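In: Generate a structure from the sequence data that follows.
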Amino acid sequence: MQDGTGIIENIISMMPSAMALLNVVISVMAVFFFIYGMVKFAGLAKRDGTIRPGTPWLLLLAGVMLWNFTSAADSALETIFGSGTSTDTLLSYTAGDSIPEETSRMLGMLIMCIRLYGYYAFARGWFKVTKIGAGTAASEGAFGSASMHILGGALAINIVATVNGVTSALGFGDVL
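Out: This next block holds a predicted model:
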């Protein structure tokens, strides 16, 4: 039977593979959106009236943002948290000296999981951008949902600064 430390180490060791898988899926979807946007442009040229003019542009925008996923995430992080914040600087987390080693490893694993979910939410926001203005039931709240996913994903990617910002604003100081 495996103890908690072994489970935490296994999850930490799987995170790079999970991130690589997420990047592959995002890249494939980016190519799909780009090709689908070009097909929609061809349908728009026929002028049959079934395609709204903004749809191909939003598909291309989502495809480009997902293809350049790391750059898009870096831009969002720098916009929210200031210059010097990028996905490269958030790779590891080191807790303070006052925290026990087991707690530090657990906290590091939780932060890695939240960051992975942040990348997923950020990508999901760009998937939802394609629904904006489509004229379907799914497009009703698409702009708000896409905006919240993109913003929430960026906040989750830099969860340490997000938590420290909220706790400092409440008067508790930096807790992570």
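In: Who are the contact partners of G173?
Out: T167 (C-beta atoms under 8 Å, 6 or more residues apart in numbering). For glycine as for every other residue, the C-beta is placed from the backbone atoms N, C-alpha and C.
In: switch the cut-off to 10 Å
Out: By C-beta atoms under 10 Å, 6 or more residues apart in numbering, G173 lies in contact with 164, 167.
In: tell me the helices in the chain, going along the chain?
Out: 4-46, 54-67, 69-81, 101-129, 142-157, 159-169 (DSSP state H).
In: And the second one, what does it pack against?
Out: Secondary-structure packing of helix 54-67 (3 or more C-beta pairs under 10 Å, 6 or more residues apart in numbering; DSSP states H and E): helix 4-46, helix 69-81, helix 101-129, helix 142-157.
In: With mean pLDDT as added columns, please give these in CSV.
Out: Shown next, in CSV, are those (pLDDT from 0 to 100):
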stretch, mean pLDDT
helix 4-46, 87
helix 69-81, 86
helix 101-129, 90
helix 142-157, 92
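In: Mind putting the helices of the chain into a markdown table with mean neighbour count?
Out: Shown next, in a markdown table, are the helices of the chain (neighbours: other C-beta atoms under 10 Å):
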| stretch | mean neighbour count |
| --- | --- |
| helix 4-46 | 14 |
| helix 54-67 | 20 |
| helix 69-81 | 17 |
| helix 101-129 | 18 |
| helix 142-157 | 19 |
| helix 159-169 | 15 |
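In: thought M112 was touching M19?
Out: Yes - M112 lies in contact with M19 (C-beta atoms under 10 Å); the separation is 9.0 Å.
In: Can you give me the distance of T130 to T5?
Out: Distance of T130 to T5, given as C-beta to C-beta, to the nearest Å: 43 Å.
In: ok now do the closest residue to Y120 other than its chain neighbours, which residues does it touch?
Out: If you skip the residues right next to it in sequence, Y120 has L22 as its closest partner in space, 6.4 Å away by C-beta to C-beta, 6 or more residues apart in numbering. Each residue near L22 by C-beta under 10 Å, 6+ apart is listed here: 69, 116, 119-120, 123.
In: Then F34?
Out: 59-60, 62-64, 66-67.
In: Can you redo these as CSV, where the extra columns are pLDDT and distance to K40?
Out: Compiled in CSV, those are given as follows (pLDDT from 0 to 100; distance: C-beta to C-beta, whole Å):
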residue, pLDDT, distance to K40
L59, 90, 6
L60, 91, 9
A62, 92, 12
G63, 93, 11
V64, 93, 15
L66, 93, 16
W67, 93, 17
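In: All set, thanks.
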